[in-house]
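**Student:** Sequence and computational prediction follow.
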Amino acid sequence: MLLVIGAELLVRAALRLATRLHVRPLIIGLSLVAFGSTAPQLTVSLQAAYQGAPDVAVGSVIGSNIFNVLVILGLAALIIPLRVSRQLVRLDIPLMIAASAVVYLLAANGELGRLEGGLLLLGLLGYLGMLWHQSRHYARTYPAPDAARRSPGRFWSTVVLQTLFGLVLLSLGGHLLLEAAVEVATDLGLSERIIGLTVVAVCTSLPELAAALIAALRGEREIAVGTVIGSNLFNLLAVLGLTALTTPEPLTISPNALAFDLPVMLGVAALSLPVFYSGYRITRAEGLVFLALYLAYGLHVVAFTTGMPLAGRLERLMLFYVMPVLAVVLLYTTVRAWRRQH
């Protein structure tokens, strides 16, 4: 209930703020909503790193990015097919792919230290500057109507309080679920890596899930999609960057994360580009495909960790059947979309 109420307040405040500042709702989703809903992830990663659990700190970011694209966008698309703006396809999604690749390359030596954290934070500053420039360009190109220029006396106090209250409720709801879920997972004997990739990742992504679903239910598709893409960028650049920069010891990256989890995160980010490009929308069928892929990923992680024979069979099924078919379908739809647009 805290998550739902907090998401409703935050989305309403974001819409009012977009109207008052005369910026696209997409920019608000990529910045304010995304950064606000990423706050629980930042808190958890910092706390885990300081307590000597780097697998949880890093795994939660990786798992959260995978969950955001496959589950949140999948569920939102089931509610209402999501329109994707050309800006996302041409700029923000390639930036998400590039940030994922940079994190993978920086982590290739098995750790993320202060230097790598500083580089990621510089990338965050560049991204925020780009968003600010886009908002200014939009305001100059499409002047605000007179009704948008007239500001009620209590507008700013109301919208700020509404935003803060929504963020507090989202953070509190996510924190309560996180504590309970981690305790249950620990009692079940799950490893730190699995807890980070699944339990912590899902719980810290619940604010983004709530915000995106509420936005989709209200018909605000730009906020729904922008929240996910912005959250992934903030996870990579802000959460990992600040955690690596401020913790006394470098964040160690497990061999399993380098061999499997980081490539999957990069692959999911790259997968979103052709899906979004073909028609500039996410259909209900594509949403179901996203959810099915996350189910397969989750089953593989659990089966591999527990030593179940299912892991090998599932891996062969994905590598030799599902992924080739998916690649052919995506290639066909991308070429068809390119021909239609040119």
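**Tutor:** Looks like it came in fine. Numbers count the residues shown, from 1 in each chain.
**Student:** Please work out the average pLDDT along stretch 29-48.
**Tutor:** Throughout stretch 29-48, pLDDT has a mean value of 77.
**Student:** hang on, I meant stretch 239-248
**Tutor:** Stretch 239-248 shows a mean pLDDT of 90.
**Student:** Which parts of the stretch 51-200 of the chain are helices?
**Tutor:** Taking DSSP state H, counting those that start in this stretch, the helices of the stretch 51-200 of the chain run over residues 54-67, 73-79, 86-87, 93-106, 114-141, 146-149, 155-187, 192-194.
**Student:** tell me the most buried of the ones you listed?
**Tutor:** Neighbour counts (mean count of other Cβ atoms under 10 Å) averaged over each of those peak at helix 54-67, with a mean of 28. For the C-beta atoms, the positions are set from N, CA and C on the backbone; glycine is no exception.
**Student:** got the CA coordinates for that one in CSV?
**Tutor:** The C-alpha coordinates for helix 54-67 follow below in CSV (Å, rounded to 0.1, in the frame of the first residue of the first chain):
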residue,chain,number,x,y,z
PRO,A,54,30.2,-6.5,-2.2
ASP,A,55,28.3,-9.3,-4.0
VAL,A,56,25.0,-7.8,-2.7
ALA,A,57,26.0,-4.3,-3.6
VAL,A,58,27.0,-5.1,-7.2
GLY,A,59,24.5,-8.0,-7.7
SER,A,60,21.5,-5.8,-6.7
VAL,A,61,22.4,-3.2,-9.4
ILE,A,62,22.9,-5.9,-12.1
GLY,A,63,19.7,-7.7,-11.1
SER,A,64,17.7,-4.5,-10.8
ASN,A,65,18.7,-3.4,-14.3
ILE,A,66,17.6,-6.8,-15.7
PHE,A,67,14.4,-6.7,-13.7
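**Student:** Just the angle for it relative to helix 155-187, thanks.
**Tutor:** 120 degrees (axes from the mean of the first three to the mean of the last three Cα atoms, to 10 degrees).
**Student:** same for helix 54-67, what does it pack against?
**Tutor:** helix 34-50, helix 192-194, helix 201-204, helix 240-246, strand 251-252, helix 262-277, helix 284-306 (3 or more Cβ pairs under 8 Å, 6 or more residues apart in numbering; DSSP states H and E).
**Student:** So which residue is smack in the middle of the chain?
**Tutor:** Asn232 (3.3 Å; Cα atoms, centre = their mean).
**Student:** and that one, what pLDDT?
**Tutor:** With respect to pLDDT, Asn232 has a value of 93.
**Student:** Identify the residues contacting it.
**Tutor:** Asn65, Asn68, Val69, Met96, Ala99, Ser100, Ala269 (Cβ atoms under 8 Å, 6 or more residues apart in numbering).
**Student:** mind running it again at 7 Å?
**Tutor:** Contact analysis of Asn232 by Cβ atoms under 7 Å, 6 or more residues apart in numbering lists Asn65, Asn68, Met96.
**Student:** one step back: mind putting the helices of the stretch 51-200 of the chain into TSV with distance to Pro274 and mean pLDDT?
**Tutor:** Shown next, in TSV, are the helices of the stretch 51-200 of the chain (distance: least, Cβ to Cβ, whole Å; pLDDT from 0 to 100):
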stretch	distance to Pro274	mean pLDDT
helix 54-67	17	88
helix 73-79	14	90
helix 86-87	15	82
helix 93-106	10	94
helix 114-141	23	82
helix 146-149	37	47
helix 155-187	32	77
helix 192-194	30	72
